[in-house]
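*Asks:* What follows is a predicted structure for the sequence shown.
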Amino acid sequence: MDTAVSVAEVRQQTRAAQHATSFPLLVLGVLFVNYGTVGFGPQPVAWRYAGALAFVLIWALGKANEYATGVGPARGDYLAAAGGVFLLTQLTYLNRIVFAKWATPYRLEGIWVVIVGLGLLAVGLAGRAPNLAGWAIAVCGAGAAQFLFGYQGWSTNLYLPVLPNERVSFNPPQPYIVIGMGVVLTLAGLFTFARERRYL
């Protein structure tokens, strides 16, 4: 029994040293806040690349942490997840005529968020990390909510009167559900990072 406890403690300390939970939460949290506030516009890159690149960035942070602390190696699962996220995201851009009746912009955004959640879920299950798997389910839930409810009636689209019958939009519609999920992930990532630091 003591051996089982010590193994669990070693595993927990190793994951803390790798920042195995905080790095994914922070990266995905910032990803969702950024793309939510710009209405999934191409800032800094098009979303079709951003979701996959987030997983590559998580892997790169793990690699940098490995070089800095000697704890690693960086999880190759993230590179596999990046490939899966990229593939599934690209498929949503196929033949819009097929999707034209139901694939409104906010529904596509919901699908994209679910795809990222599925990538995180795959990593969590592969690494036997229940915390990541739980957060992945929450991300999928936020994507499903975005798909079902969207933001049509309560967006933050701002207008400036130019001529009596003309208005110029300052901002794209902003998906509050995605932004909210991003804020929660970022705060959870910061809290988890502080906890992980205590193990070092």
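*Replies:* On my side now, so go ahead.

*Asks:* mind listing the strands for the protein?
*Replies:* Assigned strands in the chain, in chain order: 159-163, 166-169 (criterion: DSSP state E).

*Asks:* How much space separates the most centrally placed residue in the chain from residue 104?
*Replies:* Ranked by distance to the mean C-alpha position of the chain (Cα atoms, centre = their mean), the top residue is residue 28 at 3.2 Å. Using Cβ to Cβ, to the nearest Å, residue 28 is found at 24 Å from residue 104. C-beta coordinates here come from the backbone N, C-alpha and C atoms, glycine included.

*Asks:* Tell me the pLDDT of residue 157.
*Replies:* Per-residue confidence (pLDDT) for residue 157: 49.

*Asks:* Output the below-cut-off pLDDT ranges for this protein.
*Replies:* In the predicted model, the chain carries pLDDT under 70 at residues 1-18, 68-74, 95-102, 151-172, 199-200.

*Asks:* mind listing the helices for this protein?
*Replies:* Assigned by DSSP state H, the chain shows helices spanning 2-18, 22-37, 47-69, 77-91, 96-99, 105-126, 130-149, 176-198.

*Asks:* now the second one against helix 47-69, angle please.
*Replies:* When you say that, I think you mean helix 22-37. Calculated by axes from the mean of the first three to the mean of the last three Cα atoms, to 10 degrees, helix 22-37 forms an angle of 150 degrees with helix 47-69.

*Asks:* elements contacting helix 22-37?
*Replies:* Based on contacts counted as 3 or more Cβ pairs under 8 Å, 6 or more residues apart in numbering; DSSP states H and E, the elements that helix 22-37 packs against are helix 47-69, helix 105-126, helix 130-149, helix 176-198.
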